[in-house]
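# Compute the structure for the input listed below.
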Amino acid sequence: MRLKYFFILHLAACTLAATPEDEKCPINIPGYTHRGDCNLLCKEATWTDITVFYLGNYVAHAVTVNTDPGQPILSSVLAVILVILFPGTGIEKALLAIYSRAVLALTELQQAARAGALCVVRKRDTSAASSVANSTSTTEEEEQAMKPTKNPISLVSEKLHGICELPEGYYLATLPQDATFEDDPSPGELQSLHWTERGLVGSIKSLFMPRPRRNHISCSYNLVKIAASAAQLLFACATLYRIRGDQIERFGYAAFRLTVAQCAWMSFLNLLGNAVRPGYPTKFLVGSDSLDNLRALLRRKCQESESPISGSVGRISQETEARLSAMQKDSRQRRMSSLVSKLVRLVYGGTINSIPEYGQLSTLGPDLPIIGAVPIAIIGGISRFSPGASEYYQRVWIMTWFVFGIVAGPLAASFLGAIANREWQGIFRNEARRDPSFVAMEMLIYMIWLVAYATPAIGGLLVVGQMIREYGVCTEL
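Here you go, the predicted structure:
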């Protein structure tokens, strides 16, 4: 057995020098070191080894991040990149999925609403327009609002079930998680529904015995992603438990294998999130008074073929309709206080008139930084926050990556969401029609902002590669 390891490892070109401690081990091979453990043989790491470490410990975990309903491929790729750069992004998505408790919903519409898969048509609020616009007659405003415009193929906004080509002046808004619907079962019918017949258990049972449905809303539990999250969680825990050699003594709490702690924690949360909230391939349009008024206006103007709308499911209740109208009225001159909103206001000028997202980041409150800091506690428990023989810059870059990722992750996700929301509301189309160069400048500002905020993560990843290069790759005998 020892002879087999000798021939396998001797094929690689190695330059690591043996230490005095290595001479005490029974097996010593020129160009290899034991790193304080006679059961290990370590060779110099190549760029291939570093790439494999990145893919296996960062990218693979990021792929299991919870996806939003109707999320397109490009948006999913951007989400994976954001999770690698800002681990807080993945933690936030997982917490939102867990807090939605979609698996406990009593009806399909309620479950879809909790998952954020339902949207309604809203008419843009024009009450904050200039005095010149106020002098325009109602007929002229209506004619302008009914100007047909085709929605271009989007790479960042969500996919929508059916056909929904909205005219100018209308946009789509996501329903709140606690929305109610006209065709909801009565309280007596709800009591007769047992929770084990729905959610993940019901999804498995439906493979063999489909149950009757009031509405046809396609959803599924990604069992492959759930299994992958569980496997990656076990792998990350094993990596942390079996930190090889003298990594802690050499690099302290900045050791490159300790950075897997954030991946392990995120995989655990992703596992719970994927089990609690089903996935939806598209978003679904729900009937409302605004949709009825729009359809009536299209019929009156004979523009149904130019702005086709079909594929709606269910109908929101009058209570939810009143809440949406109240929220739209309150958001006319909504002031924004977050860093992202301030930058958005700087770019767009003034305020934003839109229906805010219900129950998203605000529902997390202080839970996000507390839960996001768990990986730092894991690192402290393993390393006792000992600096070891690490360099000062190594500790600074690694911990800045961790802390900044928790804080800036939700901001980065919100900024990407702002882009999608503006496209859904047709703002990008209007701006591109007026001044294409302005939209290009707008996207350039987005990219500059992202690169600036990603600097700690890029520095942390480079330091991890430098430490792997310095420490080497070890094989257990």
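# which helices and strands does the lengthiest helix in the chain pack with?
Taking DSSP state H as the criterion, the chain has its longest helix at helix 436-471. Packing partners of helix 436-471 (3 or more CB pairs under 8 Å, 6 or more residues apart in numbering; DSSP states H and E): helix 47-54, helix 73-85, helix 247-251, helix 339-348, helix 392-424, helix 427-434. Quick note: C-beta positions are derived from backbone N, CA and C, even for glycine.
# let's see it at 7 Å
Using 3 or more CB pairs under 7 Å, 6 or more residues apart in numbering; DSSP states H and E, the elements in contact with helix 436-471 are helix 47-54, helix 247-251, helix 339-348, helix 392-424, helix 427-434.
# so when I look at C42, I'm seeing a strand, right?
Yes. With DSSP: H, G, I helix; E, B strand; the rest coil as the criterion, C42 is part of a strand.
# hmm, back to that, the longest helix of the chain versus helix 73-85: what angle between them?
When axes from the mean of the first three to the mean of the last three CA atoms, to 10 degrees is applied, the directions of helix 436-471 and helix 73-85 differ by 40 degrees.
# in the stretch 251-400 of the chain, which spans are strands?
284-285, 309-310 (DSSP state E, counting those that start in this stretch).
# winner for burial among those?
Mean neighbours per residue, mean count of other CB atoms under 10 Å, is largest over the strands of the stretch 251-400 of the chain for strand 284-285, with a mean of 25.
# mean confidence score for that strand?
For strand 284-285, mean pLDDT rounds to 88.
# Strand partners (parallel or antiparallel) of it?
strand 118-123 (parallel) (DSSP bridges).
# Counting neighbours, what do you get for the closest residue to V463 other than its chain neighbours?
Closest residue in space to V463, ignoring its immediate chain neighbours: W397 at 4.4 Å, by CB to CB, 6 or more residues apart in numbering. W397 has 23 neighbouring residues, counting by other CB atoms under 10 Å.
# ok so, going back, considering the helices and strands packed on helix 436-471, which stretch scores lowest in mean pLDDT?
Here the lowest mean pLDDT among those goes to helix 339-348, at a mean of 43.
# picking up where we left off before, may I see the strands of the stretch 251-400 of the chain arranged in CSV, with distance to P176 as well?
Below are those laid out as CSV (distance: least, CB to CB, whole Å):
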stretch, distance to P176
strand 284-285, 15
strand 309-310, 22
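# Show me the one of the ones you listed that comes nearest Y54.
Y54 lies closest, by CB to CB, to one member of the strands of the stretch 251-400 of the chain: strand 284-285, at 37.6 Å.
# what does that closest one contact?
Under the contact criterion CB atoms under 7 Å, 6 or more residues apart in numbering, strand 284-285 has outside partners 112, 117-119, 160-162, 164, 217, 311-313.
# List the contacts of the residue nearest to V463.
By CB under 7 Å, 6+ apart, the contact set of W397 is 459-460, 463.
# Report the separation between it and V403.
As defined by CB to CB, to the nearest Å, W397 lies at a distance of 11 Å from V403.
# re earlier: please spell out which residues along the longest helix of the chain are buried.
439, 442, 446, 449-450, 453-454, 456-457, 459-461, 463-469, 471 (16 or more other CB atoms under 10 Å).
# May I ask which helix or strand of this structure has the lowest mean pLDDT?
helix 131-134 (a mean of 38; mean pLDDT, DSSP states H and E).
# where do the strands sit along the stretch 101-250 of the chain?
With strands called from DSSP E, counting those that start in this stretch, the stretch 101-250 of the chain shows them at 118-123, 163-164, 170-174.
# Pull out the buried positions in the longest one.
Applying a neighbour-count criterion of 16+ other CB under 10 Å, one finds 118-122 buried in strand 118-123.
# For it, which outside residues touch it?
When contacts are defined by CB under 7 Å, 6+ apart, strand 118-123 is touched by residues 112, 166, 169-175, 283-286, 288, 290-291, 294, 316, 324, 328, 355.
# One more: the shortest one?
With contact meaning CB under 7 Å, 6+ apart, strand 163-164 is reached by 285, 308-311.
# give me the number of residues near R242?
By the measure other CB under 10 Å, the count of residues near R242 is 9.
# Could you check how far it is from I382?
When distance is defined by CB to CB, R242 is 11 Å away from I382.
# what's the answer for C302, then?
To I382, C302 is 70 Å away according to CB to CB.
# Next: Q303.
With CB to CB as the criterion, Q303 and I382 are 65 Å apart.
# Between those two, tell me which one has more neighbours.
It is I382, of Q303 and I382, that has more neighbours when counted by other CB under 10 Å, with 18 against 15.
# Mind pulling up the pLDDT for that one?
So I382 comes in at 88 (pLDDT).
# what sits against it?
Contacts for I382 (CB under 7 Å, 6+ apart) come out as 240, 258.
# Could you measure from it over to G388?
Distance of I382 to G388, given as CB to CB: 12 Å.
# From what I see, K283 and A115 are in contact.
No. K283 is not in contact with A115 according to CB atoms under 7 Å; the separation is 9.8 Å.
# Secondary structure element holding the nearest residue to P410 once chain neighbours are set aside?
Computed as CB to CB, 6+ apart, the closest residue to P410 that is not its neighbour in sequence is E92, at 4.9 Å. In the assignment (DSSP states H and E), E92 maps to helix 87-100.
# what about L109, how many neighbours?
Neighbours of L109 (other CB under 10 Å): 27.
# Local confidence estimate at it?
On pLDDT, L109 comes in at 88.
# and if you look at the one 3 residues further on?
In the prediction, the pLDDT value recorded for A112 is 90.
# before we move on, the earlier item: from the contacts of strand 284-285, pick the one nearest L41.
A117 (52.3 Å).
# who's in contact with the closest one?
Neighbouring residues of A117 by CB under 7 Å, 6+ apart: 69, 280, 283-284.
# now do V63
Listed by CB under 7 Å, 6+ apart, the contact set of V63 reads V80.
# Please report how far it lies from V77.
For V63, the distance to V77 (CB to CB) stands at 10 Å.
# Looks like A457 contacts F402 (just checking).
No. Using CB under 7 Å, A457 makes no contact with F402, being 9.7 Å away.
# which ones among the contacts of A117 are found in helices?
Per DSSP H, the contacts of A117 never map to helices.
# Y99: which of the residues you listed is nearest?
P69 (15.7 Å).
# What about the closest one, how many residues nearby?
By other CB under 10 Å, the residues close to P69 number 24.
# Tell me who's in contact with it.
115-117, 158, 280, 283 are the contacts of P69 under CB under 7 Å, 6+ apart.
# what do you get if the cut-off is 6 Å, keeping everything else the same?
For P69, the contact set (CB atoms under 6 Å, 6 or more residues apart in numbering) comprises 115-117, 280, 283.
# distance of A105 from F181?
For A105, the distance to F181 (CB to CB) stands at 11 Å.
# got the domain boundaries for this protein?
Using automatic domain parsing, the domain ranges for the chain come out as 1-44, 45-476.
# Return the member of those having the minimum mean pLDDT.
Sorting those by mean pLDDT places domain 1-44 lowest, at a mean of 57.
# residues contacting the residue nearest to I378 when sequence neighbours are not counted?
With sequence-adjacent residues excluded and distances taken as CB to CB, 6+ apart, I378 is closest to A261, at 4.3 Å. Going by CB under 6 Å, 6+ apart, A261 touches 375, 378-379.
# one more time with 8 Å
For A261, the contact set (CB atoms under 8 Å, 6 or more residues apart in numbering) comprises 236, 240, 375-376, 378-379, 382.
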